[in-house]
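Colleague: Below is the structure, and that's it, no one-letter string:
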C-alpha cells in the first residue's frame, strides 16, 4: 500500500496563506490568479453570511468550516496586495495586533476598565484620538460605521457609536415609548413620502429598543423569519393534504389553521 503523501503546506495558521500563494503563482490556478479585491467582494459577503448561519446552528464542525472559508478570503486579499507590492499577510496581522494592544490599555497598559461599557467608551475615545492624529479632526463617531452594511446592521452601528459618547435614551422604558410614538406618527401619516419617512423612523426606533434590551435585531429578525418559514410550510402542507390553498379559505378559517400550527 503506497504511503500517503505529505500535504503541500506547513502545519498551522499559515497553511492557507501558503496554499493561496501557490494558487496565485504564475503556474497556479487560472481562476485564482485573475481574482481582484473587487471581484472577491461578493464571495467575502457570502462567506460571512454562511458563517453567521453556522453560528446560529451551533454546529462546531460547520462553524470551523465557515471560519476557514472566511480566512481563505483574508488570505486571497492579502496575497493580491502582496503581489502588487502594497502589503502582505504578516503586515496585516501585525497591524491589527498592534491596534488591539493600543485599544486595550486596561489589558496591556496601566489603565483600568470597570465593565464592558467602559471598555467601549474608552475604545471610542482612542479612535477619536487616532483620527485627530491622522488629520481627521472633523470626523464624527458615526462616520466610522460603514454605510455598505445592511440597513438593520447599519442603524444598529450608528446607534451604538452615538450611545458610547452619551447620546441615548435614559432607559429602555423611554426607548419603548419612542417606539409607540413613532407607530402613532406612522398611523397618522398622509401621503406616500410621509409614510415612507415615518416607517423608517419606526424601524430605527425598534432597532434602538432592541439595543437597549441587549437583543441583536438582526438575529431576532432572522429567528422570527425562521419561525415564520417553518409555520408557513407546515400550514401549507396541512392545506395541501386537504386539497385546498390559502386562497380557498376565508379569513377566520385561515387564522384558525395558522393558530393550529405551533
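Modeller: Here it is on my side, so go on. If you're wondering where the values come from, they're calculated on a predicted model, not measured in any experiment. Numbering: from 1, shown residues only.

Colleague: Can you pull up the most central residue in the protein?
Modeller: In the chain, the C-alpha nearest the mean C-alpha coordinate belongs to residue 153, at 6.5 Å (Cα atoms, centre = their mean).

Colleague: how's this protein carved up into domains?
Modeller: 15-93, 104-135, 142-215, 220-259 (automatic domain parsing).

Colleague: what's next to the helix or strand containing the residue nearest to the centre of the chain, contact-wise?
Modeller: Using DSSP states H and E, residue 153 sits in helix 151-164. Helix 151-164 has contacts (Cβ atoms under 8 Å, 6 or more residues apart in numbering) with 120-121, 123-124, 141-142, 144-147, 149, 168, 203-204, 207-208, 210-211, 216-218, 221. The way it works is simple: take the backbone N, C-alpha and C, and place the C-beta from them, glycine included.

Colleague: For that helix, what does the pLDDT average out to?
Modeller: Mean pLDDT, helix 151-164: 91.

Colleague: residue contacts, the closest residue to residue 201 other than its chain neighbours?
Modeller: Distances taken as Cβ to Cβ, 6 or more residues apart in numbering put residue 182 closest to residue 201, at 4.9 Å, once the chain neighbours are dropped. Applying Cβ under 8 Å, 6+ apart, we find residue 182 in contact with 198, 201, 202, 204, 205.

Colleague: Which one of the residues you listed is nearest to residue 41?
Modeller: Of all the contacts of residue 182, residue 41 sits closest to residue 204, with 27.0 Å by Cβ to Cβ.

Colleague: Which strand or helix spans the closest one?
Modeller: Using DSSP H and E, residue 204 sits in helix 192-212.
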